[in-house]
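*Asks:* structure of the sequence below:
(3 chains)
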Amino acid sequence: MSDTPILTITGLRAKVADEDIDILTGLDLTLQPGEIHAIMGPNGSGKSTLAKVLAGHPDYEVTAGEIVFQGTSIHDLEPDERARAGVFLAFQYPAEVPGVSIANFLRAALQARLEKDEEVDLFDFQDLLLERMELLDMDPSFAERPVNDGFSGGEKKRNEILQMAVLRPALALMDETDSGLDIDALQIVAHGVNTLRAENPEMTILLITHYQRLLNYIKPDVVHVMVNGRIVRSGGPEVALELEEQGYADWKTQEVVPA
Amino acid sequence: MSDPSHAIAAPIDDEETAIPLDEDAVGRISEGAPAWLSERRRHAWSMFENTAFPTTRSEEWRYTDVSRVVNLADLRLVTRASLPQNGHRPPMLAAAMDEDHAAAGHTVLIDGTVTHVDLDPALAEQGVILTSLRSAVHEHGDLLEELLATEGLPPEEGKFEALNAALWTDGVLLYVPRDVKLELPVRATRWLSHAGSAVCTRTLVVAEPGSQVSYVEEVLSEDFERRTLVSSATEVIARDGAQVQCVSIQRLGRDAFYQSAQRTLAHRGSTLDTLNVNLGASVSRLDLNAQLLGPGAHSDMLGLYFGDDHQHFDHNTSQDHIAPDTGSDLLFKGALDDHSRAAFRGIIRVHPEAQRTDAYQTNRNLLLSDEARADSLPNLEIEADDVKCSHGASVGQLDSETLFYLLSRGMSRQQAERLVVLGFLRDVMTRLPLGGVVEKVTRAIERKLQHV
Amino acid sequence: MPENELVEGFGLDEYQYGFVDEEAHVFRTRPGLDEDIVRQISKHKDEPEWMLEFRLKALKIYESKPMPNWGGNLSDLEATLDEIYFYVKPQDQMERSWDDVPDNIKNTFEKLGIPEAEQKLLAGVGAQYESEMVYHSLKEEWSSKGVIFDSIEDGLKNHPELFREHFATVVPTADNKFAALNSAVWSGGSFVYIPKGVELETPLQAYFRVNQERMGQFERTLIILDEGAHAHYIEGCTAPVYSTDSFHSGVIEIILKQDSRFRYTTIQNWSNNMYNLVTQRAVVEQNATMEWLDGNLGSKLTMKYPSCYLVGEGAHGEIMSIAYASDGQHQDTGGKVVHVAPNTTSSIISKSISKGSGRSSYRGLCKVYEGATNARSNVECDALLINETSRTDTYPYIEIEEKSASVGHEATVSKVGDAQLFYLMSRGLSQEEAMALIVRGFIEPIAKELPLEYAVELNRLIELEMEGSVG
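*Replies:* The predicted model follows:
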């Protein structure tokens, strides 16, 4: 593995754009290429905010600190520029785009990654899409459905994984991918992620989750505990199991002590 | 609390009190009034004279040819209450009033004159005012001068609004001071007895910040022998954070033309809901305007109607979203039997500043006979971009599957139809959980269904 | 003169059809309108006496009717009408061979891709330049089966009985002020007859071009489908961009006999100095099906409500419309369905987009007369708002006199959602690309009904329009 981290976050503070209080309160995090990190934390700890800030969501404002992706600060990059640079956010609640099929949507996303005078070859794209769907055991007809329109919770999450498979990001941020899924759907999604990882071991993954159960299926290298907007503990997979047994209560009380 | 039945006025001689609708009438009605009021009435009369009589060529009156509904020259203004000599209440009035005991206060208006007012003394102590407009002119002159027919329904609004502002004989003032919350509704009963009369009354409800009140009025009469105009103007103001509900149930007899204009002004964080139930009168016209003036204001506007014979209902509604972050939700549902006819013309206007408006408007009609007719015109005019607006309208008949299901359980067709109609209309009532009102409205509809 | 100079001067370079050709005409009336001008038009067309009478009567009706006080802002139109040329004759005769069309006109249409289109999948092509059809052709395969596809003038000359039997029966002169105006000064347009049982497999296409500044174009089209006939007609319209206003007011009459089926597709992309006030109506007889597919993208103000009068039992009418109102544009469009006969069905689907200071209004009527038992109608209107300054209105008139009718209307208004935008951008699309994709998805249910080249054109246009729509 390379020595240059794929993502380095230092002293990151961020807030909702028109509010005063920072939700991220000085967060440090380093991911090496190919690693899988999990961030766990209670509701309101700022996990989802971190995902959105990394993807460049306009509702949030970085007030201090730095995010360096593949050696460059992405502070000034728009969400689409970050995506084209290789950051992918699998949304907790993906938006619906009526009338736009998944296939057309993905073609447009690939087109956006090409130079102005280049064009996605329709046949190559069809082949790619079919191949990706086969890899994920998905029915080809799925690609003809309008993006997330009328999808069940499980279908929305599978759509996110399919996009990840087609767009092949360097860094995948998975925001509460397990929420609202039954165990079957969870296994299908985890299987998809593991398949993509096996295919591309360089892909780095940051899993954001409230529960330990996702980590039974996607094995993290490092587990971080996040409370009140910062990482309060990092360690191996055993940390997740500790949390499962003890809950977050201890960590919350610890936060009272000034850092 | 005193029994409102003791409050019926003695009879008076018709000839003495019935006067034509003209400028002299304005003068006579202004006798003894403060200067501001006389001036306001004169101005209203000149507005009335300078406003053309509505025709079906104007969009607002497209579905009602009012020149064929009423000839104002035939009508006489009644300035005092009259009832049979012995003071006995007609059975219909008695029944309606006797339902009304659970209330914070009552008012009774007979032929446009308030004959009775009572209010829970504990509320009076807290500064709640429930009184006739005639007394309020003297006792609360400043309040009326500021709010009566000014920001609510000024005479500039239209021909009938001007007529009412010039010739109102009496009405109700309900004032609720800051943070006072009324548990029980205030009730009003309006009884009309004079065929060929024009009776104009007004209602002014002012709910100060943080207060809570509901007002339930019932307008009723026996059948008339001649065309009779019952005009009302209702102005409701909910100041910041106030919660107000206004219910109006109209059960006038045949040959009445019920003309009702209502405007609600909802300020910041207030909730101002209305329910209009139209069951009676030969022709009824409702102009209902809700203004959402402050962020967080919300208005539910509910309507119910059920027509038979040759009844004609015309509902003209508007939802004006003027401030950002406001909501309104309108639902008007009606069933139409025989040759009855209903028109609904509604508009949601989202003004340019009113971002994040949530506004809905739905009109549903059930046609029960081949000769019934429903016209529906739900409009949207939207000048802000961050809004959630939708409207819908539908016209349909009784679902034959449902009907069959009920018949197969042994009900007669008539029973089954009644049940389905009640079910169709009840969905509106469940939206207004107000003590006693649902029962009252259900009874009123059931009574009417008996005649079908 | 370089063809794009004028256009660029106005900063409207995204309007691809804004080029101007040098003025070329063999005759034009003086500006404005009076009885003498109507007589001149009639004389130039060498018409029968009854048509002149018809025109003169229509002129009186036009003059007697007030300007509509609803719809769009017509306050400047009166002055415009005094200034425009009501009749401009571009050449002496209509050609049936493309090679014979004068070069300057030919060039115009070649720039617009018309001859190419003809070689592709069309049964016939007509082209109108200013006031006259300059070209009309129909494939031999169809003319041999008795299909008539001709200029309206030739229809009157060559098929006088068929013409007179149907002309002005669907849209009577007194229907509205602009129908009366068209009846007085009509010129150009198509005459189409599809004989009993003939099914055209490929569309007929008519192309309308206004080149002259301050021009009034008043085409009149009469289409008759005999029993069991099937056809599809497409019209397209463009004009150069001038600083003065032009005026287009067509009347389209369509008669569908029993069991026939017809689709009329319009892609209106007039430059945004054009008043476009059009009356389009179809009378639909027993078990026949009429479909209007109406795309309004251009013009300054369009007022157009394609109509279906369902007069025969089992008749079906469908109106699908897309309106796109950009800066300074008002699209006041919609549709009318009138149910007269039992078991008739109809549907209206309208999608509008308002951008910048654009305003789109849906105005529609669904009327069910007593006796139209079991009539079914459904209306859906969706509006999409792009900017804070955009405006949308919905005015659906629903008038039901029949108990067994079932009628529904639903409308929604939405803006491009921030969550939607962010989602697309997080996949690498720029904000403009994301916006265009959302808009395309929004109109997709109707756009997919368009012939492919129009669908592609529509998408291209939306992408151009979205540039600079954000920020």
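*Asks:* burial count for residue A:201?
*Replies:* Number of residues near residue A:201 (other Cβ atoms under 10 Å in any protein chain shown) recorded here: 9. C-betas here are computed from N, CA, C, even on glycine.
*Asks:* okay, and it sits in which element?
*Replies:* Using DSSP states H and E, no element contains residue A:201; it sits outside every helix and strand.
*Asks:* what of residue A:223?
*Replies:* Following DSSP H and E, one finds residue A:223 within strand A:222-227.
*Asks:* quick one: strands adjacent to that strand?
*Replies:* The strands beside strand A:222-227 in its sheet (DSSP bridges) come out as strand A:36-40 (parallel), strand A:230-235 (antiparallel).
*Asks:* show me what the next helix or strand after the first one is packed up against.
*Replies:* Past strand A:36-40, further along toward the C-terminus, the next helix or strand under DSSP H and E is helix A:47-55. Here helix A:47-55 is seen to pack against strand A:7-16, strand A:22-31, strand A:36-40, strand A:60-69, helix A:79-85, strand A:87-90, strand A:171-175, strand A:204-209 when contacts are counted using 3 or more Cβ pairs under 8 Å, 6 or more residues apart in numbering or on different chains; DSSP states H and E.
*Asks:* buried residues in the shortest one?
*Replies:* What that stands for is strand A:87-90. Of the residues in strand A:87-90, A:87, A:88, A:89, A:90 count as buried by neighbour count, 16 or more other Cβ atoms under 10 Å in any protein chain shown.
*Asks:* shouldn't residue B:63 be within a strand?
*Replies:* No. In this structure, residue B:63 is coil, not part of a strand, as judged by DSSP: H, G, I helix; E, B strand; the rest coil.
*Asks:* that one touches residue B:373, doesn't it?
*Replies:* No. Taking contacts as Cβ atoms under 8 Å, residue B:63 lies outside contact range of residue B:373: 9.5 Å.
*Asks:* before we move on, back to that, Serialize the strands paired with strand A:222-227 to a markdown table and add fields for mean neighbour count and mean pLDDT.
*Replies:* Formatted as a markdown table, the strands paired with strand A:222-227 follow (neighbours: other Cβ atoms under 10 Å in any protein chain shown; pLDDT from 0 to 100):
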| stretch | mean neighbour count | mean pLDDT |
| --- | --- | --- |
| strand A:36-40 | 24 | 95 |
| strand A:230-235 | 17 | 92 |
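*Asks:* for residue C:421, which of the ones you listed is the nearest?
*Replies:* Of all the strands paired with strand A:222-227, it is strand A:36-40 that lies closest to residue C:421, at 26.1 Å by Cβ to Cβ.
*Asks:* so what angle separates the directions of that closest one and strand A:7-16?
*Replies:* 30 degrees (axes from the mean of the first three to the mean of the last three Cα atoms, to 10 degrees).
*Asks:* tell me how far strand A:36-40 lies from the chain's centre.
*Replies:* Centre-to-centre, strand A:36-40 and its host chain are 10 Å apart (Cα atoms, centre = their mean, to the nearest Å).
*Asks:* show me what it is in contact with.
*Replies:* A:29, A:31, A:47, A:50, A:197, A:204-210, A:212, A:214-215, A:218-226, A:231, A:239-240, A:243 (Cβ atoms under 8 Å, 6 or more residues apart in numbering or on different chains).
*Asks:* give me the beta-bridge partners of residue B:378?
*Replies:* Going by DSSP bridges, residue B:378 forms beta bridges with residue B:346.
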